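Asker: The amino acid sequence is not available; the structure is as follows:
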């Protein structure tokens, strides 16, 4: 595809970080359409801390002027804005997974396999989008309550489509114009049209890779519900956290830290049966493709001190501090 039209709006400021908010970190995976409100609140405040230059700045006035379930009215005092100064934010893009939103609808109807001429698939396409945009709104509201000017952007509504489940066309001008206007774009995995099979699911991980390739952020952070990538499912006894993964020119990767005793042992990855977008294996392969662009990727547990340090860009040196727990995926130059 010719990407010449993709970035016709050039960014006036570079992008500092693209954040992938894993669905499992912000939703209750085993309860359909339930957000992990406490986790989401912490993530939102950590993002604010990472984005506001000189993070000791007092929190401004919230931007979520919609009614909350437990309140009878909307809280807003226009006078609070009288002496407010606009916060100086560094450019961040947030992309989130679906977690317990959307996966059920997508897998029940087979949207990812295409076939819009079938009533079940068409209904599933609509149902999936209702579910993922509902979560997108919750995340945008959580960021807005932290005074971050977040704007939800659905790939389908931005005109993005695929061809045989790979990117077909994606105009980034809406995203870049929003960034230049001082907003924080919040994108998500979505049901989109596909030129070959009618429709499919465009996963958040694929979106991240595409954005990284075309917008060249300083670094990328994947926030997950576990400390990082392990040599086998982390629930298994003896699972080892992989601290550093080096990606080679051909896309293959090897573990640099720690040195695994059994170097022939392939990393075992589990994929939840209902996850239509590929689980942890997709994450590592997408992270590897981003690292090949020369962009460091940090995979780290959300809501921890480790995630704060990754988001703030404190780990950008050659050596990872011993007290940081997470996985760094970088190109072996």
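Answerer: Cool, got the structure. In this text the structure is predicted, and so the values were computed from the model without any measurement.

Asker: correct me, but residue 182 touches residue 89?
Answerer: Yes: under the contact definition of C-beta atoms under 8 Å, residue 182 touches residue 89, with a separation of 6.9 Å. All C-beta spots, glycine's among them, are computed from the backbone N, C-alpha and C.

Asker: So those two - more neighbours on which side?
Answerer: Using other C-beta atoms under 10 Å as the criterion, residue 182 and residue 89 rank with residue 89 on top: 20 against 13.

Asker: Between residue 182 and residue 89, which contacts overlap?
Answerer: Jointly contacting residue 182 and residue 89 under the rule C-beta atoms under 8 Å, 6 or more residues apart in numbering are residue 149.

Asker: remind me which residues of the stretch 151-300 of the chain are low pLDDT?
Answerer: Scanning the stretch 151-300 of the chain for pLDDT under 70 picks out 262-283.

Asker: all helices of it, in order?
Answerer: Assigned by DSSP state H, counting those that start in this stretch, the helices in the stretch 151-300 of the chain fall at 173-180, 204-215, 279-291.

Asker: other SSEs contacting the first one?
Answerer: Which is helix 173-180. Under the contact criterion of 3 or more C-beta pairs under 8 Å, 6 or more residues apart in numbering; DSSP states H and E, helix 173-180 touches strand 150-153, strand 184-188, helix 204-215.

Asker: name the helices or strands packed onto the longest one?
Answerer: Counting contacts by 3+ C-beta pairs under 8 Å, 6+ apart, the secondary-structure elements packed against helix 204-215 are strand 17-21, strand 92-96, helix 173-180, strand 184-188, strand 219-224, helix 279-291.

Asker: Mind checking what helix or strand follows the second one in sequence?
Answerer: Scanning forward in sequence from strand 92-96, with DSSP states H and E defining helices and strands, the next element found is helix 103-109.

Asker: how about that next one: buried residues?
Answerer: 103, 104, 105, 106, 107, 109 (16 or more other C-beta atoms under 10 Å).

Asker: which one among those gets closest to residue 237?
Answerer: The nearest member of these to residue 237, counting by C-beta to C-beta, is residue 103 at 28.5 Å.

Asker: if we can go back for a sec, and of the helices of the stretch 151-300 of the chain, who's closest to residue 228?
Answerer: Of all the helices of the stretch 151-300 of the chain, helix 279-291 sits nearest to residue 228, with 10.4 Å by C-beta to C-beta.

Asker: what's the domain layout of the chain?
Answerer: Using automatic domain parsing, the domain parsing of the chain gives 1-19+29-37+88-217, 221-333.

Asker: can you list the ones you listed in a markdown table and add distance to residue 69?
Answerer: Formatted as a markdown table, the domains of the chain follow (distance: least, C-beta to C-beta, whole Å):
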| stretch | distance to residue 69 |
| --- | --- |
| domain 1-19+29-37+88-217 | 11 |
| domain 221-333 | 22 |
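
Asker: These: which one's closest to residue 70?
Answerer: With C-beta to C-beta as the criterion, residue 70 lies closest to domain 1-19+29-37+88-217 of these, at 11.3 Å.
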